[in-house]
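1. no sequence on this one, just coordinates:
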């Protein structure tokens, strides 16, 4: 949450955390907060969707739809359970049903990774060897099969699979560890 | 539900998340996810990785009037269903007459209740099958298979990856025993001869990328009837 300094300039307002903006939408249906959040996330979601092979027009529509759902679902957002970006991402990925897997039924508590876990994993993604991070990125961004990824990187298919598997297992074990340490503290 | 011991490979789950599986395979994984907390937690992990990549991406400018449009849209009334998606969200609830009569009384995962299966047929004594109504056109087949208790299936090879989700009852092969919720993946080249437990009939959902190859004369004789 932001600290209110003495000089409450317009600039410091725009730096309000995304979490705080979503909460303002949830409690006050705050249009200014929505406009700020829109400016922050719509262009990124558009870029992300284009990276998945969607046309610019369609990506623009998806970004619009994602933010509209952020407005409508804001009261389901719990900052203690999820970072704003993760929550918004999960809304965006739930949009085009032919591009993504359907969301499995899940309890809201399990649906997102806590902010504490998020810090651990964010750090860890950067410690992955570049070659593992590359295949993860290509898997998310591009509408590519494993064979396409192998061709794009000029590596054997088996190598793509083993790198992906290693990266996911590594991130997952980091998550398990951080969950245990959170439970240990409680 | 008892603790689930057999899960899909992490890569299969990741492919499912990224929309890379055939519809039949995706149906099997969806049904498993409904009952498996462990695999659902992987989805949370993938969402988080995706969010970090979203943070890193170079933004693409929206159209000039994008914000005006966005502000106009939030003024319109929301559709009736708002909130976390419940899987069945956009579809009308099925009436009981939509569910195949042979599946009545069986506690199926929600994603299977929404799937349509053709009329069942007998593939062999004690074995009935029901094919998914809309099959992919890639040669893969997805079907329910119900096998009477105590039956041992003929030994067979797999020519392509096959996923099996146990829905009811249990069976075992040389690798272990499988109970409801367990998901077994046989890669091409694997062979086994599953045996159904003595106590209860066994119902499975199966999605195979290629036909099975029976290794016994009995199996070869039965295959045309089984159509798998």
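-> Perfect, I can see it now. Here the structure is a predicted model, which is why all the values come from computation and not from measurement.
2. how about stretch B:101-109: buried residues?
-> Across stretch B:101-109, burial judged by 16 or more other Cβ atoms under 10 Å in any protein chain shown covers B:103, B:108, B:109. The C-beta positions use only the backbone N, C-alpha and C, and glycine is treated the same way.
3. quickly find the element holding the spatially most central residue of chain B.
-> In chain B, the residue lying closest to the centroid (Cα atoms, centre = their mean) is residue B:28, at 0.6 Å. Element membership for residue B:28, per DSSP states H and E: helix B:23-35.
4. how far off centre is that helix?
-> Its chain's C-alpha centre and that of helix B:23-35 lie 3 Å apart, by Cα atoms, centre = their mean, to the nearest Å.
5. so residue B:216 sits against residue B:153, correct?
-> No: Residue B:216 is not in contact with residue B:153 according to Cβ atoms under 8 Å; the separation is 9.9 Å.
6. how about stretch B:72-79, which residues are buried there?
-> Buried-residue list, stretch B:72-79, by 16+ other Cβ under 10 Å: residue B:74.
7. can you give me the strands for chain B?
-> All strands of chain B, identified by DSSP state E, fall at B:121-124, B:127-131, B:141-147, B:156-158, B:162-168, B:171-173, B:176-178, B:183-186, B:191-192, B:195-196, B:202-208, B:212-214.
8. weakest of those by average pLDDT?
-> Of all the strands of chain B, the minimum mean pLDDT falls on strand B:212-214 (a mean of 75).
9. what pairs with it, parallel or antiparallel?
-> strand B:156-158 (antiparallel) (DSSP bridges).
10. give me phi/psi at residue A:169?
-> Per-residue torsions, residue A:169: phi -60, psi -40 (degrees, to the nearest 10).
11. list the contacts for the residue nearest to the centre of chain B?
-> By Cβ atoms under 8 Å, 6 or more residues apart in numbering or on different chains, residue B:28 lies in contact with B:142, B:163, B:164, B:165, B:183, B:205, B:206, B:207.
12. now do it against chain A, distance only.
-> Residue B:28 sits 12 Å away from chain A, going by Cβ to the nearest Cβ, to the nearest Å.
13. what do you get for residue B:15?
-> Taking Cβ to the nearest Cβ, one finds residue B:15 at 8 Å from chain A.
14. measure how buried the residue nearest to that residue when sequence neighbours are not counted is and give me the count.
-> Setting aside the residues directly before and after it, residue B:15 is nearest to residue B:21 in space (Cβ to Cβ, 6 or more residues apart in numbering or on different chains), at 5.4 Å. Number of residues near residue B:21 (other Cβ atoms under 10 Å in any protein chain shown) recorded here: 23.
15. so how far is residue B:60 from residue B:21?
-> Look at residue B:21 and residue B:60: by Cβ to Cβ, to the nearest Å, they are 29 Å apart.
16. equivalent analysis for residue B:199, please.
-> Per Cβ to Cβ, residue B:199 is found 59 Å from residue B:60.
17. for the two, indicate the residue with more neighbours.
-> More crowded of residue B:199 and residue B:60, by other Cβ under 10 Å: residue B:60, with 19 against 9.
18. how about that one: what's its closest non-neighbour residue?
-> The nearest residue in space to residue B:60 (Cβ to Cβ, 6+ apart) is residue A:47, at 4.1 Å.
19. just the pLDDT for that neighbour.
-> 95.
20. wait, it sits on residue B:61?
-> No: applying Cβ under 8 Å, one finds residue A:47 not in contact with residue B:61, separated by 9.4 Å.
21. more neighbours, these two?
-> Neighbour tally, residue A:47 and residue B:61, criterion other Cβ under 10 Å: the higher count belongs to residue A:47, 19 against 12.
22. and stretch B:205-224, which residues are buried?
-> B:205, B:206, B:207, B:208, B:209, B:211, B:212, B:214, B:219, B:222, B:223.
23. list the contacts of the nearest residue to the second one once chain neighbours are set aside.
-> Spatial nearest neighbour of residue B:206, excluding adjacent residues (Cβ to Cβ, 6+ apart): residue B:164 at 5.0 Å. Taking Cβ under 8 Å, 6+ apart, we find residue B:164 in contact with B:28, B:178, B:183, B:184, B:185, B:186, B:204, B:205, B:206.
24. next: residue A:70.
-> A:22, A:25, A:37, A:41, A:88, A:91 are the contacts of residue A:70 under Cβ under 8 Å, 6+ apart.
25. quick one, which of these are buried?
-> A:22, A:25, A:37, A:41, A:88, A:91.
26. can you lay out these as CSV showing pLDDT and secondary structure?
-> Listed next are the buried ones among the contacts of residue A:70 as CSV, based on pLDDT from 0 to 100; DSSP: H, G, I helix; E, B strand; the rest coil:
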residue, pLDDT, secondary structure
A:22, 97, helix
A:25, 96, helix
A:37, 97, helix
A:41, 97, helix
A:88, 95, helix
A:91, 91, helix
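27. restrict those residues to those near chain B?
-> residue A:88 (Cβ under 8 Å from any Cβ of the partner chain).
28. how distant is stretch A:67-76 from the center of its chain?
-> On Cα atoms, centre = their mean, the centre of stretch A:67-76 falls 15 Å from that of its chain.
29. kindly report the same for stretch B:22-36.
-> 3 Å.
30. from the contacts of residue B:164, which is closest to residue A:167?
-> Among these, residue B:185 lies closest to residue A:167 (Cβ to Cβ), at 20.3 Å.
31. which of the contacts of residue A:70 sits closest to residue A:55?
-> Residue A:55 has its nearest neighbour among those in residue A:41, at 19.7 Å by Cβ to Cβ.
32. run through the residues that contact the closest residue to the closest one other than its chain neighbours.
-> Spatial nearest neighbour of residue A:41, excluding adjacent residues (Cβ to Cβ, 6+ apart): residue A:88 at 5.6 Å. With contact taken as Cβ under 8 Å, 6+ apart, residue A:88 is in contact with A:18, A:41, A:45, A:66, A:70, B:51, B:54.
33. and the fourth one, what helix or strand is that in?
-> Spelled out, that is residue A:66. Here residue A:66 is assigned to helix A:56-73, by DSSP H and E.
34. which positions in that helix come out as buried?
-> Going by neighbour count (16+ other Cβ under 10 Å), the buried part of helix A:56-73 is A:59-73.
35. run a quick neighbour tally on the nearest residue to residue A:66 once chain neighbours are set aside.
-> Nearest non-adjacent residue to residue A:66, counting by Cβ to Cβ, 6+ apart: residue A:92, 4.0 Å away. Using other Cβ under 10 Å, residue A:92 has 25 neighbouring residues.
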